[in-house]
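Peer 1: I'd like to go over a predicted model; first the sequence, then the structure.
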Amino acid sequence: MTAIEISNAVKRYPDFTLGPISMSVAQGEFFGIFGPPSTGKTSILKLILGLLQPEEGTVTLSGKDGAALDVAERDISMVFQNLALFPHMTGRENIIFPLKERGASEKEIEERLDFVSEVLHVSHILHKNPAQMSGGERQRIALGRAFAAESRAMLLDEPIAALDARLREEMRVELKRLQRENNQTFVYVSHDEEEVMAISDRVAVIIDGKIAQIGTPDEVYSTPNSVAVAGVIGSPPMNFFKGTYSASGVHFNTSSLPTVPITGATRKGGDGTLGVRPEDIWLGESEGNPSIDVNVSSVEPLGSYTIINAYLGDQIVKIRAPGQVTLKENAVQRVSFDLRHLHFFDDVGERV
Ligand SMILES: Nc1ncnc2c1ncn2[C@@H]1O[C@H](COP(=O)(O)OP(=O)(O)OP(=O)(O)O)[C@@H](O)[C@H]1O
């Protein structure tokens, strides 16, 4: 069943237009929204919650036209980026507020409070007021209040951004578990690509107020439909090389990179872009794959992998090699491109 359906929705601000946006989220789905800053992610959540009305198009919630539902009727909780806790209430009072509002029994309130406090690690701060909490603690209390409500759907806007890295990893596992256990619909906004890819069933990539691609994390990563999507998904980002298509493949302008055969594509002639992810460039020659010399510029050892920045002509190329690699600056290094994982884009940046 479709929980949230947005169809050709447009919202115009003086300096920014969101949309037209079309997306549908299934009941019980963990739906991620990812994109660079100021691209309209929060505005999409506000359309779903009813804080914004679309100027064109529609928002439908479980089959009901959003235009006919006020915020309270939607049965949706939202955790805002700039969280809004009641300052005069303790953590405990904040969390149980929605339960009291709907007249839950004392027993139910206590049980829910215990459950939420344990999962979110907030038992020790329940007596504090928000002013006495750190940013991360306030964030967890805000999450607790949203979870306590047991709404049909939860909208989360960068909900764990204020937490430290270890707690963030722990929390994303817990959030996913809670979502699955409660069979809730989650729409989860983050500008942290790794986080949103790790946690979501499907991801919408938002660029300049429009949905650039919707797919599973694997689809979006393995087959980005444009240079724009390829450029924002993946860390370090994909390497791009300008070139020209011909009958035998693509000839790249970059120094002496050999013509790269392109399989299954009908395109001949015209400019294009080759995309290669840093992990698809290998150190050394490899059979059947095009190879080329690069000049090592710097080496970043990161424990389980190493990032090598190297010059190919006057362009910096990023290579991600497994394990620890010892390479000297200015060394000439032969590298090969994994032919199975090359990405071709046309002159307007669409995937070929
Ligand atoms: N109420 C408003 N009035 C005018 N402009 C607005 C309003 N709300 C948002 N905008 C503009 O719309 C654009 C998108 O904002 P939005 O908050 O939806 O993006 P976002 O992707 O969530 O951003 P961030 O990642 O920085 O939180 C921004 O340029 C913002 O300045």
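Peer 2: Thanks, I have the structure now. All figures in this text were calculated on a predicted structure; none of them were measured in a lab.

Peer 1: rest of the way, CA atoms for contacts and neighbours
Peer 2: Will do.

Peer 1: OK, contacts around the closest residue to residue 129 other than its chain neighbours?
Peer 2: Nearest in space to residue 129, with sequence neighbours left out and distances taken as C-alpha to C-alpha, 6 or more residues apart in numbering, is residue 90 at 4.3 Å. Listed by C-alpha atoms under 8 Å, 6 or more residues apart in numbering, the contact partners of residue 90 are 126-130.

Peer 1: just the ones of these in helices?
Peer 2: Judged by DSSP state H, those include no members of helices.

Peer 1: in a markdown table: those, plus neighbour count, distance to the ligand and pLDDT.
Peer 2: Listed next are the contacts of residue 90 as a markdown table, based on neighbours: other C-alpha atoms under 10 Å; distance: C-alpha to the nearest ligand atom, whole Å; pLDDT from 0 to 100:
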| residue | neighbour count | distance to the ligand | pLDDT |
| --- | --- | --- | --- |
| 126 | 19 | 28 | 96 |
| 127 | 14 | 31 | 96 |
| 128 | 14 | 28 | 96 |
| 129 | 19 | 26 | 95 |
| 130 | 24 | 22 | 93 |
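
Peer 1: so where do the helices sit in the chain?
Peer 2: Under DSSP H, the chain gives helices at 41-49, 91-101, 106-120, 135-148, 165-182, 193-199, 217-222, 227-232.

Peer 1: so which of those helices gets nearest the ligand?
Peer 2: Closest of the helices of the chain to the ligand is helix 41-49, at 3.6 Å (criterion: C-alpha to the nearest ligand atom).

Peer 1: now check that closest one, is it near the ligand?
Peer 2: Yes: residues of helix 41-49 are located near the ligand by C-alpha under 6 Å from any ligand atom, namely 41-43.

Peer 1: so which residues on the stretch 1-150 of the chain come close to the ligand?
Peer 2: 13-14, 16, 37-43.

Peer 1: which ones among those lie within strands?
Peer 2: Judged by DSSP state E, the subset of these located in strands is 13, 16.

Peer 1: where does pLDDT dip in this structure?
Peer 2: Across the chain, residues meeting the criterion (pLDDT under 70) sit at 82-83, 247-249, 253-269.

Peer 1: show me it divided up by domain.
Peer 2: Here the domain assignment for the chain is 2-228, 237-345, based on automatic domain parsing.

Peer 1: okay if I get the ones you listed as JSON lines plus distance to residue 351?
Peer 2: Shown next, in JSON lines, are those (distance: least, C-alpha to C-alpha, whole Å):
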{"stretch": "domain 2-228", "distance to residue 351": "5"}
{"stretch": "domain 237-345", "distance to residue 351": "4"}
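
Peer 1: how near is the closest residue to residue 322 other than its chain neighbours to the ligand?
Peer 2: Closest residue to residue 322 apart from its sequence neighbours, by C-alpha to C-alpha, 6+ apart: residue 305 at 4.4 Å. Distance, residue 305 to the ligand, using C-alpha to the nearest ligand atom, to the nearest Å: 29 Å.

Peer 1: these two touch, right, residue 305 and residue 321?
Peer 2: Yes: between residue 305 and residue 321 there is a contact under C-alpha atoms under 8 Å: 5.7 Å.

Peer 1: neighbour count: the two, which is higher?
Peer 2: Legend: neighbour count by other C-alpha atoms under 10 Å for residue 305 and residue 321, higher for residue 321 (19 against 15).

Peer 1: what bridges to the more buried one?
Peer 2: According to DSSP bridges, residue 306 are recorded as the beta-bridge partners of residue 321.

Peer 1: hang on, the earlier thing: buried subset of the residues of helix 41-49 next to the ligand as a PyMOL selection?
Peer 2: To isolate the buried ones among the residues of helix 41-49 next to the ligand in PyMOL, judged by 16 or more other C-alpha atoms under 10 Å, type:
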select buried, resi 41+42+43
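
Peer 1: that older thread, list the contacts of the residue nearest to residue 322.
Peer 2: Counted by C-alpha under 8 Å, 6+ apart, residue 305 has contacts 320-324.

Peer 1: so residue 147 is in contact with residue 114, correct?
Peer 2: No: look at residue 147 against residue 114 with C-alpha under 8 Å: they stay out of range, at 11.9 Å.

Peer 1: tell me which of those two has more neighbours.
Peer 2: residue 147 (27 against 13).

Peer 1: now the more buried one: closest residue in space, sequence neighbours ignored.
Peer 2: That would be residue 116: by C-alpha to C-alpha, 6+ apart, it lies 7.1 Å from residue 147.

Peer 1: what's the answer for residue 49, then?
Peer 2: Per C-alpha to C-alpha, 6+ apart, closest to residue 49 is residue 71, 6.2 Å.

Peer 1: now the buried members of the contacts of residue 305.
Peer 2: 320-321.

Peer 1: any chance of TSV for the contacts of residue 305, columns distance to residue 96?
Peer 2: Output for the contacts of residue 305, formatted as TSV (distance: C-alpha to C-alpha, whole Å):
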residue	distance to residue 96
320	47
321	49
322	48
323	48
324	50
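
Peer 1: any idea how far residue 150 is from residue 140?
Peer 2: As judged by C-alpha to C-alpha, to the nearest Å, residue 150 and residue 140 stand 16 Å apart.

Peer 1: neighbour count winner among those two?
Peer 2: Higher neighbour count among residue 150 and residue 140: residue 140, with 26 against 17, using other C-alpha under 10 Å.

Peer 1: wait, that one touches residue 120, no?
Peer 2: Yes: assessed by C-alpha under 8 Å, residue 140 is found in contact with residue 120 at 6.2 Å.
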